[in-house]
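K.L.:
no sequence on hand, only this structure:
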C-alpha cells in the first residue's frame, strides 16, 4: 500500500523528489520501491519527460486501479475506527446543489433521529452531477443523488424527489410585467451563471444553442442563495428550482415564472454501484430516502 501511495504521488506531482518530500522519506527510497514494483509487474510504469515524470500506458492503468484500492483502504480504516468510537455505520453521500438546497438535509436529519439509527454517521458533500457520478464509480462515496438527466450508465438507481425549475427576476425587470415568460424570452437578457459543469447549465446552454443564441452571463456564483441575491439587486435573472426560490420571492417580491419545458420538472435519483455491495447502513438510508418519493406522490 505504501508503494502504491508513492506511485500515485509521483504521477500527480510529476516528481519523485516532491513525492519523497511529501512522504517525508528520501528520494532514493521512492526510486527503489518503484523499481521493485516495475520488476514485479514486468512493465515500465514511469518515464521522464521535459515537464517531469509521466506514467506509461501500463502506468496509467495501474494509476486507475491504485486510486480505487487506496480509496477503499482509506474507507476501511475510517469505518473500523468508527466502530471503536461506538458508531456502527458510516455513509458518505455526494449530492448536487439542488438536492442540498431543497430537502436532503431534512431527510437525513429525520433518518438519524430514529432510535434505530442513532449509531449511524452520515456525511454529505456537494458536487455537480458529472462529479457525483464519477465519485460513485470511483468509490469515493457509497451513495450519490443527482438529476436523472445525468449519464447513469453503469450505476443502479432509485427515485428520490422531484422539483420544478423556474425563471426568477426582479419586479422591475423588463419581462416582469408579462403574464408568462419562456426560457427563449430570457435569452436576450443577462443570466446569473452557476457552476458550468452542472446538468442544469448544460441543459440551458443546449436550449440557447437550439435557438441560435448564447446565454448572457453577467455574474457567476456558486450557490442558489447568492444567485437570488443577484436577482434581488436586479443585476440579472436566474433559473432556480421553484422550491428554493419561493420563500425568497415571497419575502422580496421577486417574480417567478415556472418553465414550460418538459425537462424543467426534474426527477432526482439515488445512485450507487451495486445494491448488493452497499453497507448495511447505506442500504437503510437508501430505503429511507427512496420512500420520500413515494410519500410525496
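P.N.:
Yes, it's here. Note that the structure is a prediction, hence the values are computed from the model and not measured.

K.L.:
who's in contact with the residue nearest in space to the middle of the chain?
P.N.:
By Cα atoms, centre = their mean, the chain has its centre lying nearest to residue 127, at 2.4 Å. Applying Cβ atoms under 8 Å, 6 or more residues apart in numbering, we find residue 127 in contact with 94-96, 135. All C-beta spots, glycine's among them, are computed from the backbone N, C-alpha and C.

K.L.:
tabulate these (JSON lines), appending neighbour count and pLDDT.
P.N.:
Formatted as JSON lines, the contacts of residue 127 follow (neighbours: other Cβ atoms under 10 Å; pLDDT from 0 to 100):
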{"residue": "94", "neighbour count": "26", "pLDDT": "96"}
{"residue": "95", "neighbour count": "25", "pLDDT": "96"}
{"residue": "96", "neighbour count": "26", "pLDDT": "92"}
{"residue": "135", "neighbour count": "18", "pLDDT": "93"}
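
K.L.:
quick one: contacts for residue 263?
P.N.:
So residue 263 contacts 149, 203 (Cβ under 8 Å, 6+ apart).

K.L.:
check what pLDDT it gets.
P.N.:
In this prediction, residue 263 carries a pLDDT score of 86.

K.L.:
cool, residue 291 as well?
P.N.:
Confidence for residue 291, expressed as pLDDT, is 81.

K.L.:
just give me the neighbour total for it.
P.N.:
13 (other Cβ atoms under 10 Å).

K.L.:
before we move on, what about residue 58?
P.N.:
Residue 58: 15 neighbours (other Cβ under 10 Å).

K.L.:
so it touches residue 45, yeah?
P.N.:
Yes. Using Cβ atoms under 8 Å, residue 58 is in contact with residue 45, at 5.8 Å.

K.L.:
now the helices: where do they sit in the stretch 51-200 of the chain?
P.N.:
Counting by DSSP state H, counting those that start in this stretch, the stretch 51-200 of the chain has helices at residues 57-84, 97-102, 104-113, 129-137, 183-186, 199-210.

K.L.:
for the last one, the distance to its chain's centre please.
P.N.:
Meaning helix 199-210. Relative to the centre of its chain, helix 199-210 is centred 19 Å away, using Cα atoms, centre = their mean, to the nearest Å.

K.L.:
and the first one, by the same measure?
P.N.:
Taking Cα atoms, centre = their mean, the mean C-alpha location of helix 57-84 is offset from the chain mean by 20 Å.

K.L.:
repeat that for the third one.
P.N.:
Per Cα atoms, centre = their mean, the displacement of helix 104-113 from the mean C-alpha position of its chain is 19 Å.

K.L.:
what packs against it?
P.N.:
Here helix 104-113 touches strand 89-95, strand 120-126, helix 280-296, going by 3 or more Cβ pairs under 8 Å, 6 or more residues apart in numbering; DSSP states H and E.

K.L.:
repeat for the fourth one
P.N.:
The criterion is 3+ Cβ pairs under 8 Å, 6+ apart, and the helices and strands that helix 129-137 contacts are strand 89-95, strand 143-147, strand 265-272.

K.L.:
any buried residues in the last one, and which?
P.N.:
Put plainly, it is strand 265-272. By 16 or more other Cβ atoms under 10 Å, the buried positions in strand 265-272 come out as 266, 268-272.

K.L.:
for the protein, longest strand please?
P.N.:
Criterion DSSP state E: the longest strand present in the chain is strand 156-169.

K.L.:
and that strand with strand 143-147, angle?
P.N.:
Orientation check (axes from the mean of the first three to the mean of the last three Cα atoms, to 10 degrees): strand 156-169 against strand 143-147 gives 40 degrees.

K.L.:
how far off centre is strand 156-169?
P.N.:
The answer for strand 156-169 is 15 Å, by Cα atoms, centre = their mean.

K.L.:
and stretch 224-233, by the same measure?
P.N.:
That offset, for stretch 224-233, works out to 22 Å (Cα atoms, centre = their mean).

K.L.:
pLDDT on that stretch, on average?
P.N.:
The pLDDT scores in stretch 224-233 average 92.
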